[in-house]
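Asks: okay, sequence plus prediction incoming.
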Amino acid sequence: MKKERQMKEMKVKVKNPDSLKWYFLIGALIGAVLFVAIYGFGVLNVTNDAWLLTGKDLQQHYIGWKYYRDAAWTFPIGCHDGLTHPYMVSVLYTDSIPLFAIFFKLLSPILPETFQYFGLFGLMCYMLNGGFAALIVAKIRKNKVYAALGSVFFILSTPVLQRMFGLLTQNSRHTSLAAHFLILAPIAIWMYRERFQKIWKAALAFSILGVLCVLIQMYIIFIVGGLMCGYLLHTLLEERKWKRVFIVFGSFALSFVAAFFVVGGFTDVLDSGSNGFGLYSANLNALINPYEYSSFFSGMGMRSGQYEGFAYLGLGMIVLCLIGIILLIRRMVQMHKEHKCWIRLKQFAKNHAAGLISLFIVVTVFGCLAVTTWVYVGKHIIIQVYLPQFCYDLLAIVRSSGRFIWVIMYMAMIFGLYMTARMIRNKKVCTIVVALCLCLQLMDLAKPISQIHKQYTSEPVEENSMVQNPFWDTQLKNYKHIVYYPVVGYGLYQMMQVGTKASMVEGMDVNYFYMSRFIKYSLVEKENKEIKKQFLNGTLDENTLYIVDYRSAHKYKGVANFYEVDNKILASKKPIEGVQPYRDVYLSAESPYVELDFSDQGLGKKFAHSGWNETDFGDDGTWTSGQSVVRILSGGAKKAHIMVEYEGGKKKGVTKIKVNGKEKAKLENQESGVVEFDTNLKTTTNEHKGEGVNWLFFNTDDVFKSKHNDDDITCGIYVKKITVTFLE
């Protein structure tokens, strides 16, 4: 009998691990269904890339893949110089998902000419997110229906909806950050730690996660590492043995470093970080702030940049958490009446001390990093702590630290599901409660999901507002290189759209592109010096198209042919037919007409000296503040006619226009129109030192306060265009 009992126990032990596969498969299947329901089948068509050219992050990721695919194999295997010529940079830094990029580059010879894998990646994320979510819920309650219902909360987590392909109206379409299975997996390992009693299993699991973080999204390595530390602390407090800590942590670190090296992460071309820690933080209202992802509620206040810390639980999950809290309080009150509350709490704390301590530390650390040293509730700062500069330099590598709030979000979801399962003893009632909360969750997310669905099942519109001139399609192929000079100082959207056009020309490279890290200042200076020599010596490459600033166009106007295309100044050794020659912004008899377009991508904003609400540059112009200044440059003109096109503001007041201190016009702030006047000019002899620069002042009284990115700014009139015409 004893032998039979042992045999049965062995069979159960063999069978139980396999049973979890069904939970994982159920969650994965639900994830696949939800992905197709939200995004449709169009994104899964590998030859359909139109939806990836709709601007912002998606366009960056896709262009990074296109250049990497066409590049020759090198070692490290993820590197190419197509977008930062002549320097080699890894595909890792265009967030092009190296795992897929490397795999499909291997298959490139047999793939169609147009090929994208981002839809497949999205499907994989939803399936793995669902699979690991189901395993987590199954640990709370071993019931397939409960696990299936609970997994949906995780699959439709709002940061995944925000990040996967997102909305065109937002700046947060950072696809690889939707790989939340990389966050859920270490949580699952922690919860199922009894299945990782053998150290090699835990070491292997975290090693795989370390490699996947490198090959999918490097930022998540910090979250995985933090959760791993929580798991290791938990087991250390239970086992009192350091062996597991050293082996698991060491294998995780080694696997990460090895993968990072092989894919080309160690670079001497890009900076390791950038400033901004604290700007991209999480608000204390993050778990209940719907931002733009609720059918019932509008977004709460938050600081500019805190979209990075978006972690809305959803109305259904909030209600579920409240139910769990209420039931817990009720149970404690009941035990208090029975004089058992303190005894039960002490017993629970004693039995689960290791887990509670490690969980508390993980939640506290991630929470502090998420809210940073500037703690906001809505739009109001409540805590402001200043750290030494070296601390900010160190923390710059995780400057978008608001993302760490995702750990808190998932812990809150687990809490809601756990409390409901523990406090409602009737299993049917428990399932019904979760099902009702899920219905409420789906109703709350219906509007944003519908917007996303409509966006990705409709005909996409390519974002090409900055490359609309036929030149890009007809004559760009006459060149082999695109060189920005100076190397930095160009908008990221301009770089993406120019890079998109360049990617359509076989063998063409560019010297600068939008990367997740900036090119090192020393290399930028070196590159600028080398290009400057070419202009000074008249040795420009005839196969290179130079995109320059107005200073270079003025200084070297006798060295190259300069043209203006889509508000960009192009320089070429050989002439270009059919495009408008560039008009020098230094007004003279030879350049008698200067048009300063104050739209976001217009040349005019280069001359906005100070006082403008530069964050509010719009499609058409920008607002004046108390005193806004424009530089007017003269190449010999003594007298000019100036015309200002503007729109009125919302509050009564007067804007006085002065040139070099002399009043020329007076405008009513609420009126719109055109103002014209003649003025004398000084010849500009040294723009950098301000010698001979003509200052055009907009002195605005009684300005009104406006909101932009939740920051207070003052506005007067909206200047659209300033035209300067030579008189004598």
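Replies: Okay, I see it. Residues are numbered from 1 along each chain as shown.
Asks: any idea which helix or strand in this protein has the lowest mean pLDDT?
Replies: strand 704-708 (a mean of 48; mean pLDDT, DSSP states H and E).
Asks: show me the shaky parts of the protein.
Replies: For the chain, the stretches flagged by pLDDT under 70 are 1-18, 171-172, 272-276, 614-619, 702-714.
Asks: what's the longest strand in it?
Replies: If you go by DSSP state E, the chain has its longest strand at strand 622-632.
Asks: what segments of the stretch 51-200 of the chain are strands?
Replies: Here the stretch 51-200 of the chain has its strands, by DSSP state E, counting those that start in this stretch, at 79-80, 89-90.
Asks: so of the ones you listed, which one's packed in deepest?
Replies: strand 89-90 (a mean of 26; mean count of other CB atoms under 10 Å). All C-beta spots, glycine's among them, are computed from the backbone N, C-alpha and C.
Asks: run through the neighbouring helices and strands of that strand.
Replies: Helices and strands touching strand 89-90, by 3 or more CB pairs under 8 Å, 6 or more residues apart in numbering; DSSP states H and E, are strand 79-80.
Asks: could you find the closest non-adjacent residue to Gly31?
Replies: Leaving out its chain neighbours, the residue that sits closest to Gly31 by CB to CB, 6 or more residues apart in numbering is Gly130, at 2.9 Å.
Asks: does the one you found touch Leu29 like I think?
Replies: Yes: because the distance of 7.5 Å satisfies CB atoms under 8 Å, Gly130 is recorded as touching Leu29.
Asks: between the two, which has more neighbouring residues?
Replies: Gly130 (30 against 16; other CB atoms under 10 Å).
Asks: how much space between the more buried one and Asn143?
Replies: 16 Å (CB to CB, to the nearest Å).
Asks: same deal with Tyr586?
Replies: 77 Å.
Asks: do the same with Ala134
Replies: 11 Å.
Asks: more neighbours: which of the two?
Replies: Ala134 (33 against 17).
Asks: show me what contacts the more buried one?
Replies: Tyr23, Phe24, Ile26, Gly27, Ala28, Ile30, Ala147, Ala148, Gly150, Ser151 (CB atoms under 8 Å, 6 or more residues apart in numbering).
Asks: for the residue nearest to it when sequence neighbours are not counted, give me phi and psi.
Replies: Closest residue to Ala134 apart from its sequence neighbours, by CB to CB, 6+ apart: Gly27 at 2.8 Å. When quoted as degrees, to the nearest 10, the phi and psi of Gly27 stand at phi -60, psi -40.
Asks: now Glu292
Replies: phi -120, psi 30.
Asks: wait, it sits on Gly299?
Replies: Yes: here Glu292 reaches Gly299: they are 6.2 Å apart, a contact under CB under 8 Å.
Asks: check which helix or strand covers the nearest residue to Gly230 once chain neighbours are set aside.
Replies: Distances taken as CB to CB, 6+ apart place Val362 nearest to Gly230, at 3.8 Å, with adjacent residues excluded. For Val362, the host element (DSSP states H and E) is helix 353-371.
Asks: packing partners of that helix?
Replies: Partner elements for helix 353-371 (3+ CB pairs under 8 Å, 6+ apart): helix 220-239, helix 405-423.
Asks: residues contacting Gly299?
Replies: Here Gly299 is in contact with Asn289, Pro290, Tyr291, Glu292 (criterion: CB under 8 Å, 6+ apart).
Asks: for burial, what's the neighbour tally of the closest residue in space to the first one that isn't next to it in sequence?
Replies: Beyond its immediate neighbours in the sequence, the residue positioned closest to Asn289 (CB to CB, 6+ apart) is Met300, lying 4.3 Å away. Here the neighbour count serves as a burial measure; for Met300 (other CB under 10 Å) it reads 16.
Asks: kindly report the same for Gly78.
Replies: 26.
Asks: and the one 10 residues further on, by the same measure?
Replies: The criterion is other CB under 10 Å. On that basis, Met88 has 18 neighbouring residues.
Asks: tell me the phi and psi of it?
Replies: Torsion angles, degrees, to the nearest 10, at Met88: phi -90, psi 130.
Asks: so it touches Val269, yeah?
Replies: Yes: between Met88 and Val269 there is a contact under CB under 8 Å: 7.1 Å.
Asks: circling back: the longest strand of the chain: what's the following helix or strand?
Replies: Following strand 622-632 toward the C-terminus (DSSP H and E): strand 639-647.
Asks: now do the same contact list for Pro448.
Replies: Contacts of Pro448 (CB under 8 Å, 6+ apart): Leu161, Leu167, Glu292, Tyr293, Ser294, Ser295.
Asks: still on that earlier bit, check which residues of the longest strand of the chain are buried.
Replies: Thr622, Trp623, Thr624, Ser625, Ser628, Val629, Val630, Arg631, Ile632 (16 or more other CB atoms under 10 Å).
Asks: what lies in contact with it?
Replies: In contact with strand 622-632 (CB under 8 Å, 6+ apart) are residues 587, 596, 598, 604-605, 607-614, 616, 640, 642, 649, 655, 659, 681, 687, 693-700, 703, 706, 713-719, 722, 724.
Asks: in PyMOL, how would I select just the buried ones from those?
Replies: Command for PyMOL that selects the buried part of the contacts of strand 622-632, burial taken from 16+ other CB under 10 Å:
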select buried, resi 587+596+598+604+605+607+608+611+612+613+616+640+642+649+655+659+681+693+694+696+697+698+699+700+703+706+713+714+715+716+717+718+719+722+724
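Asks: for Ile657, pull up the helix or strand it's in.
Replies: Short version, using DSSP H and E: Ile657 is in strand 654-659.
Asks: now do that strand: which elements does it pack against?
Replies: Counting by 3+ CB pairs under 8 Å, 6+ apart, strand 654-659 packs on strand 662-668, strand 673-680, strand 694-700.
Asks: among these, which is nearest Glu527?
Replies: Among the helices and strands packed on strand 654-659, the nearest to Glu527 by CB to CB is strand 694-700 (32.7 Å).
Asks: and the contacts of the strand holding Ile657?
Replies: By CB under 8 Å, 6+ apart, strand 654-659 touches 624, 632, 642, 644, 663-669, 675, 677, 679-680, 694-702, 716-717.
Asks: same check on stretch 348-360?
Replies: So stretch 348-360 is in contact with Gly230, Tyr231, Leu233, His234, Thr235, Leu237, Glu238, Met411, going by CB under 8 Å, 6+ apart.
Asks: before we move on, back to that, identify the residues contacting the residue nearest to Gly230.
Replies: Gly226, Leu227, Cys229, Gly230, Val407.
Asks: so what's the residue count around the closest residue to the second one other than its chain neighbours?
Replies: For Leu227, the nearest residue in space outside its immediate sequence neighbours is Pro186; the separation is 3.9 Å by CB to CB, 6+ apart. The burial count assigned to Pro186 is 24, neighbours taken as other CB under 10 Å.
Asks: over to the one 10 residues further on?
Replies: A total of 20 residues lie near Phe196 under the criterion other CB under 10 Å.
Asks: what's the answer for the one 4 residues further on, then?
Replies: A count of nearby residues for Trp200, using other CB under 10 Å, gives 12.
Asks: relative to Gly653, how far out is it?
Replies: Taking CB to CB, one finds Trp200 at 73 Å from Gly653.
Asks: who are the contact partners of Met127?
Replies: Ala28, Leu29, Gly31, Ala32, Phe35.
Asks: pretty sure the last one contacts Met124?
Replies: It stands for Phe35. No: the criterion here is CB under 8 Å, and Phe35 misses it with Met124 at 9.2 Å.
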